[in-house]
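Visitor: this one's structure only:
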């Protein structure tokens, strides 16, 4: 028997068990604990907002793929649209009306991703573009946070009440509250001191567990940390960006806290509040919009951490982590250009290595 | 011994269990042998036999041509059926000059093949000469004539000989088996090579996934105090010459240079065995050990194969296929080449024949790059494959070269880990080939320009000479004319 195989392309004729789909599924798995906890905390309105956001993201992706003439099934199944929608939903106020999620998803998928050329081509993280655009366009809806009301507790809205909340009809009295970050910011600007505003350590504990007002998936630092650890373990992300981000934020917060403890909160406060950890593990590590070299990733992460602190402390948006990410996303091409790994057999400048005893090696 | 870290690399499933416990068997002599005249890097050998001629085992079939070339010998005794063209052991499937030999079944050695009493009494140059005459080339797959590497002592101060027994390609077990079964012969060949190189240090490097080979070689190496055994971590591409030297010495070979630039020469274990055969018994390189493996092969084996046996002969001996293979590969799966047909012959550099199933190859339709940087992490050369690929795809080959395309060793680690299943090696091979073609075109253009300029200069010179000749004649004629009138005037 003789076989004639067609002239195939070059090797390798083996492949690691990796695919974009697998990466995206792992990210979804990592997000699951924080998401389910968010559903539990904020009930039916949060679930509806989540479904609307994801549904709109997938539908928008499908339409764009059709227009672009790309194979729709394969590209939809890669899971990137679902992950973008998912991350956006987690960063929204949980009782926001449905159209906030829908508009956000359209911005994320159409404006931030597909217009740039689709998967892998976008410069800015789609979820963060959408979050920032919504924050600027709809400041009221984007800053109305509710206190957690566990889903089946007596005070929590039922299924139909949840729908009416999602449709933006009033009639349900929830205890709305500012997030810790905006609360502290407001009080500070009115001349309060931190020791009055933040009595004791209780806020740190509830921030870690997640029983505070906040975005749908950002409240529980511990569950996000769990998901991030899972991604590190599965080597979907490397430690460089999260560690650099958290490290630089903690460092600058500690230094400022030492300088004036009454005006500048310490590192633990910054780490458990707002979107810090979600951003550190899930947003800043977005491969498409972050640098590719290890040194570049450390610089990128540190830049994010510092910008997060600056924006929270001195700028107008206490929940403005998104701005920090977008600013650093814009720096990524430059970072990639200047920070490359050293090539084997060459020095940093690219000239071949010369050893001191080279001359005697050549006769 | 102390080892140094190398950058990047991957850990592919090694699949070595398929053939690792199969002792080397002799392939029964096939009915016909197709011995190509080019089985090495460099100039092809020139035919030394005619159709119908009878040859003995070890007789010359082809003569070495030029400084970088190698002769080819008869793998067995028999009759030359012809010197013609036959499909090469190459992905292209193109034919090259090949001697077809019909074995007579006697397997009679040539009288010219004589054993040598003490190779260590020979001068180093003499050893290199004999290695060249035996047609020995690098048997790890690169097939660079070994004698050229043994002669590096004339240009470099070589202090260390490294024997590459890493065998980091998955599936392949031929070096493993050879080192287990012929450890004494391999060590003897190594010592002869060290003598030729004048190396004072010898390191035999074997990956940790071959403990029996390590034990056998360690035992055999006890005869020589200069020899040290390095137990390498199992990682691809540990067997890449420059990375192996870095793991052993901590030094990187300068870009575009040789390992000899840092005083090290690397030879493969199978090459050492061939040197032993040539320098002890006078036997040229006429057979080699080949691993036949892959999930599509019924009974994976390690075979000692006469050069020129068809791939089909090996597969038949191994019981054919379990299932239709999705790919037939020469060498390992990482850097091997697809074979166009099972008709092609085994050559000096063939270390493996793999028949792989679709599951094993796992080729999927490529997706867009998501810049995940897995390739950056995997690249042992510190390159950024994703950017080189982007430049190549957009046609900016100069840009790709600027990013280090020519420093790429083509190991395939990047493509192996790519979640988008991008054929990165294919891009880089294309870019390298295209750049080489452009270089040749540029050279041709410059040569044409030079010749054209020379021609116009020559033409100009001829014209000038003609003009001068014309002017001279005119002057002379004028001189004559003025002479005569003067004369006539004076006459009148």
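Guide: Cool, the structure landed. This one's a predicted model, so the numbers in the text were calculated from it and none came from an experiment. Numbering: from 1, shown residues only, chains lettered A, B, ... in the order given.
Visitor: can I assume residue A:57 sits in a helix?
Guide: Yes. Counting by DSSP: H, G, I helix; E, B strand; the rest coil, residue A:57 is located in a helix.
Visitor: Could you check how many residues crowd around it?
Guide: By other CB atoms under 10 Å in any protein chain shown, 32 other residues sit near residue A:57. Using the backbone N, CA and C atoms, a C-beta is placed for each residue, glycine as well.
Visitor: Okay, it and chain B: tell me how far apart.
Guide: Relative to chain B, residue A:57 is positioned 17 Å away (CB to the nearest CB, to the nearest Å).
Visitor: and the residue nearest to residue B:423 when sequence neighbours are not counted, how far is that from residue B:91?
Guide: Spatial nearest neighbour of residue B:423, excluding adjacent residues (CB to CB, 6 or more residues apart in numbering or on different chains): residue A:9 at 5.6 Å. For residue A:9, the distance to residue B:91 equals 9 Å [CB to CB, to the nearest Å].
Visitor: so the residue nearest to residue B:423 sits in a helix?
Guide: No. Membership of residue A:9 in a helix is not supported by three-state DSSP, which gives coil.
Visitor: what residues are up against the closest residue to residue B:28 other than its chain neighbours?
Guide: Distances taken as CB to CB, 6+ apart place residue B:317 nearest to residue B:28, at 6.9 Å, with adjacent residues excluded. Under the criterion of CB atoms under 8 Å, 6 or more residues apart in numbering or on different chains, the neighbours of residue B:317 are B:27-28, B:292, B:301, B:303.
Visitor: Filter those down to just the buried residues.
Guide: B:27, B:292, B:301, B:303 (16 or more other CB atoms under 10 Å in any protein chain shown).
Visitor: higher neighbour count, residue A:9 and residue B:91?
Guide: residue B:91 (17 against 13).
Visitor: can you count the residues close to residue A:232?
Guide: Applying other CB under 10 Å, I find that residue A:232 has 17 neighbouring residues.
Visitor: make that residue B:94, sorry
Guide: 10.
Visitor: for it, what are its contacts?
Guide: Here residue B:94 is in contact with B:87-88 (CB under 8 Å, 6+ apart).
Visitor: ok, now how distant is it from chain A?
Guide: Residue B:94 sits 11 Å away from chain A, going by CB to the nearest CB.
Visitor: Give me the pLDDT for that residue.
Guide: According to the prediction, residue B:94 has pLDDT 90.
Visitor: quick one, phi/psi of it?
Guide: Residue B:94 has phi and psi values of phi -70, psi 160 when expressed as degrees, to the nearest 10.
Visitor: do residue B:88 as well
Guide: phi -80, psi 160.
Visitor: again with residue B:103
Guide: Reported as degrees, to the nearest 10, the phi and psi values for residue B:103 are phi -60, psi 140.
Visitor: Please apply the same query to residue B:202.
Guide: phi -130, psi 130.
Visitor: so what's it bridging to?
Guide: Beta-bridge pairing for residue B:202 (DSSP bridges): residue B:161, residue B:227.
Visitor: of all the contacts of residue B:317, which two lie farthest apart?
Guide: Pairwise distances across those peak at 13.9 Å for B:28 and B:292 (criterion: CB to CB).
Visitor: Give me the below-cutoff pLDDT ranges for the stretch 51-200 of chain A.
Guide: A:170-178, A:196-200 (pLDDT under 70).
Visitor: What about the buried ones among the contacts of residue B:317, which are in strands?
Guide: In this view, those that belong to strands under DSSP state E are B:292, B:301, B:303.
Visitor: can you redo those as TSV with pLDDT and distance to chain A?
Guide: Output for those, formatted as TSV (pLDDT from 0 to 100; distance: CB to the nearest CB, whole Å):
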residue	pLDDT	distance to chain A
B:292	96	14
B:301	95	18
B:303	96	19
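Visitor: If we only consider those, which is nearest to residue B:20?
Guide: Of those, the one sitting nearest to residue B:20 (CB to CB) turns out to be residue B:301, at 11.2 Å.
Visitor: still on that earlier bit, with chain A as the reference, measure out to the residue nearest to residue B:28.
Guide: Counting by CB to the nearest CB, the gap from residue B:317 to chain A is 13 Å.
Visitor: Contacts only, for residue B:380.
Guide: A:344, B:6-9, B:237, B:240, B:243, B:409, B:411, B:413.
Visitor: Could you list every helix and strand that the helix or strand that residue B:455 is a member of packs against?
Guide: Here residue B:455 sits within helix B:424-491, counting by DSSP states H and E. When contacts are defined as 3 or more CB pairs under 8 Å, 6 or more residues apart in numbering or on different chains; DSSP states H and E, helix B:424-491 packs onto helix B:385-393, helix B:397-402, helix B:413-417.
Visitor: closest to chain A out of those?
Guide: Nearest of the helices and strands packed on helix B:424-491 to chain A, taken as CB to the nearest CB: helix B:413-417 at 4.9 Å.
Visitor: for chain A, what are the nearby residues on the stretch 151-300 of chain B?
Guide: B:154-157, B:170, B:242-243, B:246, B:251-257, B:260-263 (CB under 8 Å from any CB of the partner chain).
Visitor: Quick check: helices, which of those residues are part of them?
Guide: Under the assignment DSSP state H, these contribute B:242-243, B:246 to helices.
Visitor: Enumerate the positions of stretch B:340-349 that are buried.
Guide: Buried, per 16+ other CB under 10 Å, within stretch B:340-349: B:340, B:342, B:344-349.
Visitor: tell me how far the ends of that stretch are from each other?
Guide: End-to-end distance for stretch B:340-349: 17 Å, by CA to CA, to the nearest Å.
Visitor: Repeat that for stretch B:286-300.
Guide: Per CA to CA, the first residue of stretch B:286-300 is 23 Å away from its last.
Visitor: again with stretch B:52-62
Guide: 15 Å.
Visitor: So which residues make contact with that stretch?
Guide: Here stretch B:52-62 has contacts from B:35, B:37, B:44-49, B:71-80, B:99, B:101, B:104, B:107-113, B:283-284, B:286, using CB under 8 Å, 6+ apart.
Visitor: among these, which ones are buried?
Guide: Buried, going by 16+ other CB under 10 Å: B:35, B:37, B:44-45, B:47-49, B:71-78, B:80, B:99, B:101, B:109-110, B:113, B:283-284, B:286, out of these.
Visitor: Sort out which of these are in strands and list them.
Guide: Of the buried ones among the contacts of stretch B:52-62, the ones assigned to strands by DSSP E are B:35, B:47, B:72-73, B:78, B:80, B:99, B:101.
Visitor: can you tell me which two in these are farthest apart?
Guide: B:47 and B:78 (16.0 Å).
Visitor: Determine which residue lies closest to the centroid of the chain.
Guide: Using chain A here. residue A:283 (2.7 Å; CA atoms, centre = their mean).
Visitor: oops, I was thinking of chain B
Guide: Chain B, centroid-nearest residue using CA atoms, centre = their mean: residue B:142 at 2.3 Å.
Visitor: okay, now the domains of chain B?
Guide: Under the assignment automatic domain parsing, the domains of chain B span B:124-288, B:370-492.
Visitor: quick one, which of those is nearest to residue B:333?
Guide: Per CB to CB, nearest to residue B:333 of these: domain B:124-288, 5.5 Å.
Visitor: chain center to the closest one, what's the gap?
Guide: 15 Å (CA atoms, centre = their mean, to the nearest Å).
Visitor: and it, how far apart are its ends?
Guide: Taking CA to CA, the first and last residues of domain B:124-288 lie 25 Å apart.
Visitor: Quick one: mean pLDDT over that domain.
Guide: Mean predicted lDDT for domain B:124-288 stands at 93.
Visitor: Establish whether stretch B:336-356 and chain A are in contact.
Guide: Yes. Using CB under 8 Å from any CB, stretch B:336-356 comes into contact with chain A via B:336-343, B:354, B:356.
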